[in-house]
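Asks: here are the coordinates; sequence isn't available:
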C-alpha cells in the first residue's frame, strides 16, 4: 500500500524556520519525484517545490524561491522541505505528493498525497 506521511509542522514566529519531512511506504523515495504543496484557508492548493529523480533537479514556486529548499536523504528514504524566513502568508497545511514517476509535474496533479501537516506563522 502506497502511503505518504508528513511531519514537522508547528507554530513559528515570523522570520523563523521549520523543516518538514515526508516519509513514504510501499515504494522507494529515491526512485521517484516528490513534490510539496500547501493549502491556506479559503485558498486553492498551491504547488511550491519538487525534486525529480533523474538528476535531483529542483523547482520552486516564486512565492517560496530563495527561502525554501527541497532535498532528499536516500539513506533514510526521506524528502525534506527546509523553510526559512517564514512569513504569516506561509501559514497553510503542507502536503507531500507523488505519482511514482521520475519527473516533476508542472500541474502538481499527483495521484498520491499525504494527510498534511499544519504550519502556522504568527507572533
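Replies: Arrived safely, thanks for sending. Since the model is a prediction, treat every value here as computed from it, not as a measurement.
Asks: buried residues, stretch 50-61. List them.
Replies: Neighbour-count burial for stretch 50-61 flags 50, 51, 52, 53, 59, 60, 61 (criterion: 16 or more other Cβ atoms under 10 Å). Backbone N, C-alpha and C define where each C-beta goes, glycine included.
Asks: and if you look at stretch 18-33?
Replies: Within stretch 18-33, the residues that count as buried by 16+ other Cβ under 10 Å are 18, 20, 21, 22, 23, 24, 27, 29, 30, 32, 33.
Asks: residue 49 looks like it's in a strand, true?
Replies: Yes. The assignment for residue 49 is a strand, going by DSSP: H, G, I helix; E, B strand; the rest coil.
Asks: so residue 78 touches residue 51, yeah?
Replies: No. The pair residue 78 / residue 51 is not scored as a contact, 11.6 Å apart, by Cβ atoms under 8 Å.
Asks: how about the nearest residue to residue 52 once chain neighbours are set aside, what does it touch?
Replies: Using Cβ to Cβ, 6 or more residues apart in numbering and skipping residues adjacent in sequence, the residue nearest residue 52 is residue 33, 4.4 Å away. Residue 33 is in contact with 50, 51, 52, 53, 98, 99, 101, 102, 103, 104, 105, counting by Cβ atoms under 8 Å, 6 or more residues apart in numbering.
Asks: how deep is the fifth one tucked in, by neighbour count?
Replies: Right, residue 98. Number of residues near residue 98 (other Cβ atoms under 10 Å) recorded here: 24.
Asks: reformat the contacts of residue 33 as JSON lines; add distance to residue 116, secondary structure and pLDDT.
Replies: Output for these, formatted as JSON lines (distance: Cβ to Cβ, whole Å; DSSP: H, G, I helix; E, B strand; the rest coil; pLDDT from 0 to 100):
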{"residue": "50", "distance to residue 116": "17", "secondary structure": "strand", "pLDDT": "97"}
{"residue": "51", "distance to residue 116": "19", "secondary structure": "strand", "pLDDT": "96"}
{"residue": "52", "distance to residue 116": "22", "secondary structure": "coil", "pLDDT": "93"}
{"residue": "53", "distance to residue 116": "23", "secondary structure": "coil", "pLDDT": "85"}
{"residue": "98", "distance to residue 116": "14", "secondary structure": "strand", "pLDDT": "95"}
{"residue": "99", "distance to residue 116": "18", "secondary structure": "coil", "pLDDT": "93"}
{"residue": "101", "distance to residue 116": "22", "secondary structure": "coil", "pLDDT": "91"}
{"residue": "102", "distance to residue 116": "24", "secondary structure": "coil", "pLDDT": "91"}
{"residue": "103", "distance to residue 116": "23", "secondary structure": "coil", "pLDDT": "92"}
{"residue": "104", "distance to residue 116": "19", "secondary structure": "coil", "pLDDT": "94"}
{"residue": "105", "distance to residue 116": "19", "secondary structure": "coil", "pLDDT": "94"}
